[in-house]
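>>> model this:
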Amino acid sequence: MFSSSPLKRLRQRYSLETLPDAIDVPAIGEGTARTVPIEQANIDEIEFALIALGRQQSELYRLSNALSEVIRMARRQGARGRDVAIHAAVRDLEAGK
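Numbering: from 1, shown residues only. The predicted structure follows:
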């Protein structure tokens, strides 16, 4: 018998230290969203949580990309420090017309 939990063993042996204690399973069909302890999560629950994380990852990428574009546009207009980025980005947009 092992003295440590299966989760602890996985975290140590396979470099999976980022495995959470629980996962958020989104609402599927008529079900409700819920948090499930990772040690009790079945394959489908982990898969649904992974799909939801993929969507969040895509949203974060789009947000990061949009913010980076604002910075690029503002910097082209010489903005720096405490300059309002959106105002400078609009100037860049209008300069390109």
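>>> distance between the ends of stretch 27-47?
13 Å (C-alpha to C-alpha, to the nearest Å).
>>> residues making contact with it?
With contacts defined as C-beta atoms under 8 Å, 6 or more residues apart in numbering, stretch 27-47 is touched by 5-7, 19-26, 48-49. All C-beta spots, glycine's among them, are computed from the backbone N, C-alpha and C.
>>> Quick check: nearest residue in space to residue 23, chain neighbours excluded?
Setting aside the residues directly before and after it, residue 23 is nearest to residue 49 in space (C-beta to C-beta, 6 or more residues apart in numbering), at 4.2 Å.
>>> Please read the previous query as pertaining to residue 7.
Spatial nearest neighbour of residue 7, chain neighbours left out: residue 39 (5.2 Å); criterion: C-beta to C-beta, 6+ apart.
>>> what about that neighbour, neighbour count?
Residue 39 has 13 neighbouring residues, counting by other C-beta atoms under 10 Å.
>>> quick one: it from residue 59, how far?
Going from residue 39 to residue 59 by C-beta to C-beta, to the nearest Å gives 28 Å.
>>> and if you look at residue 74?
For residue 74, the distance to residue 59 equals 23 Å [C-beta to C-beta].
>>> more neighbours, those two?
residue 74 (21 against 10).
>>> Might you report the residue contacts of the residue positioned nearest the centre of the chain?
For the chain, the residue sitting closest to the mean C-alpha position, by C-alpha atoms, centre = their mean, is residue 57 at 4.0 Å. Residue 57 is in contact with no residue at all, counting by C-beta under 8 Å, 6+ apart.
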